[in-house]
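Trainee: sequence and predicted structure below; questions after.
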Amino acid sequence: MPFKPLIALSDALEQLLESADPCLGIADVSLGQSLGRVLAADQCALIDVPPADNSAMDGYAVRSADVGRSLRVSERVAAGDVAGCLAPDSIARIFTGGEIPAGADAVVMQEDVITHGELIELPEQIQAGQHIRSQGQDCKEGELLLSRGRKIRPQDMGLLASQGIAQIPVFHKLKVALLSTGNELREPGSGPLPPGAIYNSNRPMLLGLLIALGCDVVDLGIVRDTADATFNALSEAADSADLILSSGGVSVGEADHVRDAVSALGEIALWRIAIKPGKPFAYGRVRSTPFIGVPGNPSSAFVTFVLLARPYIRALQGQVDVAGDVLPARADFSVGSKGSRQEFLRVTTCFKGGEVWARPYANQSSGVLSSVSASDALAIVPIGETIEQGQVIQFMPLDNLLY
Ligand SMILES: Nc1nc2c(c(=O)[nH]1)N[C@H]1C(S)=C(S)[C@@H](COP(=O)(O)OP(=O)(O)OC[C@H]3O[C@@H](n4cnc5c(N)ncnc54)[C@H](O)[C@@H]3O)O[C@H]1N2
Ligand code: MOO
């Protein structure tokens, strides 16, 4: 029986994201444990930062009207001191971070004064407000700092700490059950390969991709290519995780049992996407647990993970911004029009003559994992398009697709 037409990547992505139900629980974590977690509630500023006007320089806090005068130092304010009131006809010695004494309206850098014993001669030009960091210039009490759905980065941890916030509400980690299907697979470390076998490279690669996305992984190991083993493994996976991710067994061969087992236990909602590599990508559910099946070919597994599984996982995690960046580059290659699938070439990018250029790895076979390891981006070849050397194309940097 002929298959239905291949599904466009954009349609598949839309369907995936529409069906992503972010149903994770919420827990408070300490700021120190919050890296990579997804914020479950908006965070607003509790206080002004800085809490008072302070000096941006080591020097003197002055009245700007006192330009050119020679004045005595009446006070010394370092960071952490409580500033008083600037006495008339005087200046205050001040250090970076020190609070501006009441009455002073500018700071003069120590390099810009002339010292005559106890008297300090001020320069002829002083701007009111110069070198003063005003109260609330960083954050104003009440303003929105970080929105719900934001993945916490180190700089966000610093920002929240600047507010005195020690605990934040985050979504629980997404628990993903990981399966590798294939009789031929052996684990690295299990000894030399017997005839017909290969090492399981998808398992650590997918494990790494999941960990980088902040998931907890339930690693269910290798599943043999039988209908029973596949059925039982998927059934166990559905009970132990929020999402099932399997590799291999989604194509049309007699040893490809995954789709049948998923259909028997639930449904296949998406299968066969118009992309190269990665056509046999499958999505559905096993009972009520969502299921993603990436193809066994290692490059196909990687590419479908970053293009389809990653945005879906980010949506399940409660993230708002799920898409990867698409940027322009010039093609350091030419390819002819090749049929019915959007291609994702594994490329290396470099900066030449003020522009980014993308050059493909020589062997783009979906079984060649070196093509992914050696590359730093995916260059997009639209369906049916011919690309000429030097033409502007679109590419997706891999670094942005790994977290
Ligand atoms: N008659 C057809 N055959 C194939 C089609 C098709 O449309 N018609 N599609 C091809 C495409 S495209 C792909 S991609 C593959 C995907 O097949 P499966 O997802 O069923 O994957 P397997 O058959 O299990 O394995 C494919 C290939 O990858 C190797 N593999 C599998 N798992 C791992 C692993 N964990 N680590 C390393 N390598 C792995 C496996 O040994 C096979 O060589 O189907 C095409 N066939
Ligand atoms: O889609 Mo397959 O990944 O072309 O080899």
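Mentor: Perfect, I can see it now. Ligands and ions are numbered 1, 2, ... in the order given.
Trainee: and the pLDDT at residue 256?
Mentor: pLDDT, residue 256: 86.
Trainee: which ones are touching it?
Mentor: Residues near residue 256 by Cβ atoms under 8 Å, 6 or more residues apart in numbering: 225, 248, 249, 250. In this view, the C-beta of every residue, glycine as well, is placed from N, C-alpha and C.
Trainee: hey, what's residue 198 bridged with?
Mentor: Listed by DSSP bridges, the beta-bridge partners for residue 198 are residue 185.
Trainee: ok, it - contacts?
Mentor: Shown in contact with residue 198 (Cβ under 8 Å, 6+ apart): 184, 185, 186.
Trainee: pretty sure the first one contacts residue 197?
Mentor: What it means is residue 184. Yes - Residue 184 sits in contact with residue 197 when judged by Cβ atoms under 8 Å, with a separation of 5.4 Å.
Trainee: and the helix ranked longest in the chain, what does it pack onto?
Mentor: Secondary structure of the chain per DSSP state H: the longest helix is helix 227-240. When contacts are defined as 3 or more Cβ pairs under 8 Å, 6 or more residues apart in numbering; DSSP states H and E, helix 227-240 sits against strand 175-181, strand 216-223, strand 243-247, helix 258-265, strand 282-286, strand 289-294.
Trainee: among these, which is nearest ligand 1?
Mentor: Ligand 1 lies closest to strand 175-181 among the helices and strands packed on helix 227-240, at 4.1 Å (Cβ to the nearest ligand atom).
Trainee: would you mind measuring the gap between the ends of stretch 391-401?
Mentor: 24 Å (Cα to Cα, to the nearest Å).
Trainee: got the buried residues for that stretch?
Mentor: Buried residues in stretch 391-401, defined by neighbour count with 16 or more other Cβ atoms under 10 Å: 393, 395, 396, 397, 398, 401.
Trainee: farthest pair within these?
Mentor: Farthest-apart pair in the buried residues of stretch 391-401 is 393 and 401; separation 17.2 Å (Cβ to Cβ).
Trainee: can you name the next helix or strand after the strand or helix carrying residue 108?
Mentor: According to DSSP states H and E, residue 108 maps onto strand 106-109. Next helix or strand after strand 106-109 toward the C-terminus (DSSP H and E): strand 114-116.
Trainee: now residue 161. Its backbone dihedrals?
Mentor: The phi/psi pair for residue 161 (degrees, to the nearest 10) reads phi -60, psi -30.
Trainee: leaving out chain neighbours, which residue sits closest to it?
Mentor: Among residues not flanking residue 161 along the chain, residue 31 sits closest, at 5.9 Å (Cβ to Cβ, 6 or more residues apart in numbering).
Trainee: what sits against the one you found?
Mentor: With contact taken as Cβ under 8 Å, 6+ apart, residue 31 is in contact with 157, 160, 161, 165, 166, 167, 168.
Trainee: and the last one, what are its phi and psi?
Mentor: With angles defined as degrees, to the nearest 10, residue 168 shows backbone torsions of phi -130, psi 150.
Trainee: does it touch residue 159 like I think?
Mentor: No - Residue 168 lies out of contact with residue 159 (Cβ under 8 Å); the separation is 11.2 Å.
Trainee: neighbour count winner among the two?
Mentor: Using other Cβ atoms under 10 Å as the criterion, residue 168 and residue 159 rank with residue 168 on top: 22 against 19.
Trainee: what does the closest residue in space to the more buried one that isn't next to it in sequence show for phi and psi?
Mentor: Take residue 168 and drop its neighbours on the chain: the residue closest to it by Cβ to Cβ, 6+ apart is residue 34, 5.6 Å away. Backbone dihedrals for residue 34, given as degrees, to the nearest 10, come out at phi -90, psi -10.
Trainee: for residue 34, what are its contacts?
Mentor: Residues in contact with residue 34 (Cβ under 8 Å, 6+ apart) are 152, 157, 160, 168, 170.
Trainee: same thing with residue 24?
Mentor: Residue 24 makes contacts with 171, 172, 173, 174, 242, 316, 317, 318, as judged by Cβ under 8 Å, 6+ apart.
Trainee: now residue 147: how far from ligand 1?
Mentor: 38 Å (Cβ to the nearest ligand atom, to the nearest Å).
Trainee: what does the pLDDT read for the closest residue to that residue other than its chain neighbours?
Mentor: Excluding its sequence neighbours, the residue lying closest to residue 147 (Cβ to Cβ, 6+ apart) is residue 42, at 5.5 Å. Note on residue 42: pLDDT of 98.
Trainee: quick one: residue 42 from residue 194, how far?
Mentor: Relative to residue 194, residue 42 is positioned 56 Å away (Cβ to Cβ, to the nearest Å).
Trainee: ok, those two, which is more surrounded?
Mentor: The neighbour comparison of residue 42 against residue 194 (other Cβ under 10 Å) goes to residue 42, with 12 against 9.
Trainee: flag the shaky bits of this protein, pLDDT-wise.
Mentor: Along the chain, segments meeting pLDDT under 70 span 1-2, 337.
Trainee: name the residue most distant from the centre of it?
Mentor: Distance from the centre of the chain peaks at residue 117, with 57.3 Å (Cα atoms, centre = their mean).
Trainee: give me every residue that touches it.
Mentor: For residue 117, the contact set (Cβ under 8 Å, 6+ apart) is empty.
Trainee: would you check how far apart it and ligand 2 are?
Mentor: According to Cβ to the nearest ligand atom, residue 117 stands 82 Å off from ligand 2.
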